[in-house]
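Asks: sequence and predicted structure below; questions after.
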Amino acid sequence: MLPVRFTILGSGTSAGVPVIGCDCEVCTSNDPRDQRTRSGACIEFVDSRGQQRVVLIDASPDLRFQALRHRLQRCDGILFTHHHVDHSFGLDEVRRFNAVMDAPIDIYAEEHTLDNLKRVYAHIFDSHKNVNASFVATLIPHLIGPSRAIDLHGLRFTPLRLMHGRLPIVGFRIDREDAAAAPADDPLPLAYCTDVSSIPPETWPALDGLKTLFLDALRYRHHPTHFTVGQAIETAQRIAAQQTYLVHMTHDILHGDLDSRLPDSIRLSYDGLQVGSLD
Ligand SMILES: [Zn+2]
Ligand SMILES: [Zn+2]
Ligand SMILES: [Zn+2]
């Protein structure tokens, strides 16, 4: 049985919580669950040869802090949901994993996401044009598309088409290639669906039979590119994963208040939340 542990590295929206210059109840809360770094996750697992593996979903501007906080020692791949700043402006930090592992890092993104990464990170992707030879990340880009599964070291990652306002992005479903190798308390199959305001019809079948779902719930008030708390609850109940955790929250949401009012199968995530175990 291959152990798997999924960690929420950051549970916050693009500005993070606390928000700069705000002294609201949430931004000044003493509850550590109200401190939300920018959005991202990682899955750690041990492959069939006993090698520990770490795959990141997105690379937030807080990635350095998150990697130190969780003592991440390696990176075997990065899956990008989309290119927005809060999901991609930590990409520079992974050069340390290149150095530690003495190996390039595979990154997986849709074409429009990759185009934006190449525009922002010309010093990485066109490093031969750098005036001075410098310490930049070494990345191997791979194009992905909805429903085209990516097999990495014994896990299968399937991109799921989601709509982020009018921008098509992806979430990821994670399954074991060999479902028979699952422990009874396995968190897989798991889906991570951040930055979503609607789920197109073709994606619904891929959300069947989930043990764990992570779902965007920005705030209470309507937003054009994210689910509200109400929409997230409604969507989570329709998907009916065994356990759903809400992600990508603003400072409108006081953890201790909302978490206690949610239905049993739905909880708020928080920075450092883990499902599964490496033991
Ligand atoms: Zn605030
Ligand atoms: Zn976004
Ligand atoms: Zn975002």
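Replies: Yep, that arrived. Ligands and ions are numbered 1, 2, ... in the order given.

Asks: now stretch 193-206 - C-alpha only, CSV.
Replies: Provided in CSV are the C-alpha atoms of stretch 193-206 (Å, rounded to 0.1, in the frame of the first residue of the first chain):
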residue,chain,number,x,y,z
CYS,A,193,-10.9,22.5,-7.8
THR,A,194,-9.8,26.0,-6.9
ASP,A,195,-10.8,29.3,-8.7
VAL,A,196,-14.0,28.0,-10.1
SER,A,197,-17.3,29.7,-10.7
SER,A,198,-19.0,27.0,-12.8
ILE,A,199,-18.5,23.4,-13.7
PRO,A,200,-19.2,22.5,-17.3
PRO,A,201,-21.4,19.4,-18.0
GLU,A,202,-18.6,17.3,-19.4
THR,A,203,-16.7,17.5,-16.1
TRP,A,204,-19.4,16.2,-13.8
PRO,A,205,-18.8,12.4,-14.5
ALA,A,206,-15.1,12.9,-13.5
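
Asks: so how far is that stretch off the chain centroid?
Replies: Offset of stretch 193-206 from its chain centre (C-alpha atoms, centre = their mean, to the nearest Å): 15 Å.

Asks: what's that stretch in contact with?
Replies: With C-beta atoms under 8 Å, 6 or more residues apart in numbering as the test, stretch 193-206 has contacts from 39, 58, 81-82, 84, 87, 146-147, 158, 160-165, 169, 171, 173, 191, 207, 213-216, 223-227, 231, 235, 247-248. For glycine as for every other residue, the C-beta is placed from the backbone atoms N, C-alpha and C.

Asks: check the stretch 101-250 of the chain for the residue nearest ligand 2 and tell me.
Replies: Among the residues of the stretch 101-250 of the chain, residue 195 lies closest to ligand 2, at 3.9 Å counting by C-beta to the ion.

Asks: same question, the chain
Replies: For the chain, C-beta to the ion, closest residue to ligand 2: residue 84, 3.5 Å.

Asks: tally of neighbours for that residue?
Replies: By other C-beta atoms under 10 Å, 22 other residues sit near residue 84.

Asks: got it, and residue 4?
Replies: 25.

Asks: show me what from the protein comes close to ligand 2.
Replies: 84, 195 (C-beta under 5 Å from the ion).

Asks: which stretches in the stretch 1-150 of the chain count as helices?
Replies: For the stretch 1-150 of the chain, the helices defined by DSSP state H, counting those that start in this stretch cover 63-69, 85-88, 95-101, 111-120, 122-125.
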